[in-house]
Each structure stands twice: as structure tokens, then as C-alpha cells.
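Novice: Need a 3D model of the sequence below.
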Amino acid sequence: MAAKNLRKKVVVITGASSGIGLATAQEFAKAGARLVLAARTAPTLEQVAQSCRRLGAEAVAVPTDVTNPLAVKALVEQAVEQFGQIDVWVNNAGVGTFGKLEETPLDALEQVVKVNLLGYLYAARAVMPVFRLQQRGTMINNISLGAWAPVPFSTPYSATKFGLHGMSRALRGEASDLKHVHICAIYPGMVDTKGFMHAGNYSGHALGALPPKLSPERVARRIVRLAQRPRAETTVGSTAWLSRFAELLMPNTITAAMASLLRTYFRKSRTVPPTDGTLFHA
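Specialist: Next up, the predicted model:
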């Protein structure tokens, strides 16, 4: 399959204000796409849009809370009103928590599910009618290796990532009657972003991504490649590949090893007070 030219294609990215979302916006900008950028923080989001414009792309910032289905629907409508179409939709907004499940506040647990799982579902529900009308379109769901490798002490996060894996496969089946509509899922390993710093932390210990860590730019380039050459699933990084095969061969052993690794990490890290991070506020 020849690579699709992304020049003037309309790309919507959620969670575009930092990390993988920011890097993805800039990669699409370099490819000449027209961008609709969504996140909760208006000033930061506008800065990202300006950085994309400096790269020569058209870019608009649309502050959006993906936990609000009406806001997500409005994002779809604004993208179509602004540019007349949606060619690529990147579901990327995500949050997490760390700590024992029984020590994780209920509102924090619910927020992880709302952002990570319901946010993707709301987006798919809102954009699929546009894809059906156009008879084309690509949805890319940024999921992570957590879709098959459970993360102890981050149970709500793991639940949503397993859910997104199932969502992507089921939606791909629903869209199988549409030759030019693609539902893609990308599974990166640990990524060097501020996600750990911004997570809800109820573990009592400082957090950080475990090495080896991928750069956001590497993941972003793979997302752009998926938009150019859609495929059902893409895994990024050796850790993700190894985790996937290990989980298939000896799932209980891997989960126990991960729990042991995290307990050791917590013992060695400094103690910190509980925090909601950016779960509820940008």
C-alpha cells in the first residue's frame, strides 16, 4: 500500500497539550496536515497550536474535556465546520493513578475510567458517523503495553487499557463494511513524559517511568506512519514487544514479577504525601 499524503488532511488530536499528544501534533504539522487540537488547558493548548503554525501547518485549539460527551461531540462538529472533513482522529488523552486499589479514592478511580475509556468511546461514537458519511477515515487509539500487561498498584489504569484493546477490536469489526475506514491501535512501552508526575499518587512514594524509556517523538512518528499506512495494531519499543510475548507465555509469573519490582521500587523511592495530580484539574 502506498503511503498516504497527509498534506491538507484534517487531523484531530486529544490530549494534545503535552507528551505524546504534543509531539504528535508537531509531527503531523511537519507533514502539512491541518490540525484540530484538544485538551483541557486553553493557554497551553494555544501554545501548541502556535508551535504547529510555525512549522507551516494550519492549527486550531479547541479546549475540550473528553469526559463530557457533549464537549466531544462539539469538538467533532467544530472540526467539520472549520475544515469540512475529518481524515484522522487520534485518541490520546489519558490519566493514571498509583497505589493500592483500596487506598485509591473513588472519585480518582472513576476519573481514570472517564478519561481513558469513556473519553475514547465518546470520541468514537461522535466521529464514526462522519467517517461513514465520508466513506473514509482513520482512528488511531493510543493505548500502551498496559493493554495486555497488567500494572499492579495501577489497577484502574490497567482496567481501562484492557478495555481500550477490546474497544478497538470490536469497533474494527463494526467498521469492516467500510473499505476505507481504519481503526488502529498503538501500544508503546514506557514513554518519557510527565505522565507519572501528573498521575494521582496514593502510594506514598515518588514516581517515575522505569527504563528503558521511549521518547514521545518516537511514538509520535509511529502514529503519523499509521495515518499514512493504516494497520490494525502497532507495538512500539522492545519492552512492549517482550511484555506482550511474556504475557502470552506466562501471564501469572509476569504479573507477580511486576508487583515485586514495583514493591522494591517503592521501598527505594522517597516518601511523598498523597496527591490527585492533574486528574481533576489541568
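Novice: how deep is R172 tucked in, by neighbour count?
Specialist: 17 (other Cβ atoms under 10 Å). Just so you know, the C-beta spots here come from the backbone N, C-alpha and C atoms, and that holds for glycine as well.
Novice: measure it to L178 for me?
Specialist: Distance of R172 to L178, given as Cβ to Cβ, to the nearest Å: 10 Å.
Novice: quick one: contacts of the helix or strand harbouring A49?
Specialist: Assigned by DSSP states H and E, A49 falls within helix 42-54. Helix 42-54 has contacts (Cβ atoms under 8 Å, 6 or more residues apart in numbering) with 16-18, 22, 25-26, 28-29, 35, 37-39, 59-63, 282.
Novice: low-scoring pLDDT stretches of this structure, where are they?
Specialist: 1-2, 209-210 (pLDDT under 70).
Novice: so where do the helices sit in it?
Specialist: Using DSSP state H, the helices of the chain run over 19-30, 42-54, 69-83, 106-113, 119-134, 155-174, 195-198, 216-228, 238-249, 251-268.
Novice: Who are the packing partners of the longest one?
Specialist: For helix 155-174, the packing partners by 3 or more Cβ pairs under 8 Å, 6 or more residues apart in numbering; DSSP states H and E come out as helix 106-113, helix 119-134, strand 137-142, strand 181-188.
Novice: let's see it at 6 Å
Specialist: helix 106-113, strand 181-188 (3 or more Cβ pairs under 6 Å, 6 or more residues apart in numbering; DSSP states H and E).
Novice: Specify the angle between it and helix 119-134 in degrees.
Specialist: 20 degrees (axes from the mean of the first three to the mean of the last three Cα atoms, to 10 degrees).
Novice: Name all residues that make contact with the residue nearest to the spatial centre of the chain.
Specialist: In the chain, the residue lying closest to the centroid (Cα atoms, centre = their mean) is N92, at 2.7 Å. N92 makes contacts with 14-15, 20-21, 142, as judged by Cβ atoms under 6 Å, 6 or more residues apart in numbering.
Novice: Apart from its chain neighbours, what residue comes closest to it?
Specialist: G15 (4.1 Å; Cβ to Cβ, 6 or more residues apart in numbering).
Novice: For that neighbour, grab the count of nearby residues.
Specialist: 25.
Novice: Surely it and V90 touch.
Specialist: No. With contact defined as Cβ atoms under 6 Å, G15 does not reach V90; the gap is 8.5 Å.
Novice: so what's E217 closest to, chain neighbours aside?
Specialist: A23 (4.8 Å).
Novice: Kindly apply the preceding question to E233 instead.
Specialist: That would be A185: by Cβ to Cβ, 6+ apart, it lies 5.1 Å from E233.
Novice: Please apply the same query to T275.
Specialist: Nearest to T275 is N201, by Cβ to Cβ, 6+ apart, at 5.2 Å.
Novice: repeat for T235
Specialist: Nearest non-adjacent residue to T235 (Cβ to Cβ, 6+ apart): Y187, at 4.7 Å.
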